[in-house]
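Peer 1: Provide a 3D model corresponding to the input given below.
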Amino acid sequence: MSFAIIKTGGKQYKVSAGEILKVELMKESKPDSKIEFKEVLAYSDERSFEIGSPTIDGAKVEADLIKNSKERTVLIFKKRRRKNSRRKNGHRQQYSMVRINKIFSKDGAVIAEAGKYTKKERKLENIKTEEKK
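Peer 2: Residues are numbered from 1 along each chain as shown. Next comes the predicted model:
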């Protein structure tokens, strides 16, 4: 099984081809556009495992941006007892949903490639987003 470990938005993700994941918001990108993650920390295929120090030069992961959206509201409520002091706040974290298409090694060879984007995957994606609302 081929995978890569990428860094984006201050977080690290273990990804494989065809996987759909939520990452921190990518403001410069529009939906249905290609994204390249150049900060690849490690990658592996069936034969070899490569670790960077800290990143691997030339390795990249290519993905499609599905959508930019916001998470559910998280309520923050602070109260100080017997002081008649309370504060209520809400926060909605923004995210980008991406689908990993290809993983490239440091010499530019394709390690893993995703198949076609099927209707079944789109339905699953819609169900996941509706459950979280």
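Peer 1: can you give me phi and psi for the residue in the chain sticking out farthest from the centre?
Peer 2: Most distant from the centre of the chain: Arg82, at 44.5 Å, with distances by Cα atoms, centre = their mean. Here the main-chain torsion angles of Arg82 (degrees, to the nearest 10) amount to phi 60, psi 20.
Peer 1: Surely Glu46 and Ala112 touch.
Peer 2: No - assessed by Cβ atoms under 8 Å, Glu46 is found out of contact with Ala112, at 9.9 Å. In this view, the C-beta of every residue, glycine as well, is placed from N, C-alpha and C.
Peer 1: Mind listing the shared neighbours of the two?
Peer 2: Contact with both Glu46 and Ala112 is made by residues Ser2, according to Cβ atoms under 8 Å, 6 or more residues apart in numbering.
Peer 1: pLDDT score assigned to the residue farthest from the centre of the chain?
Peer 2: In this model, Arg82 is scored at 94, pLDDT.
Peer 1: Next one: it from Lys88, what distance?
Peer 2: The spacing between Arg82 and Lys88, counted by Cβ to Cβ, to the nearest Å, is 18 Å.
Peer 1: again with Tyr43
Peer 2: From Tyr43 to Lys88 the distance is 45 Å (Cβ to Cβ).
Peer 1: between these two, which one's more packed in?
Peer 2: Remark: of Tyr43 and Lys88, Tyr43 carries more neighbours, 26 against 9, as counted by other Cβ atoms under 10 Å.
Peer 1: Show me what whichever strand or helix holds the more buried one pairs with in its sheet, parallel or antiparallel.
Peer 2: Assigned by DSSP states H and E, Tyr43 belongs to strand 40-44. Strand 40-44 pairs in its sheet with strand 3-8 (antiparallel), strand 49-51 (antiparallel), by DSSP bridges.
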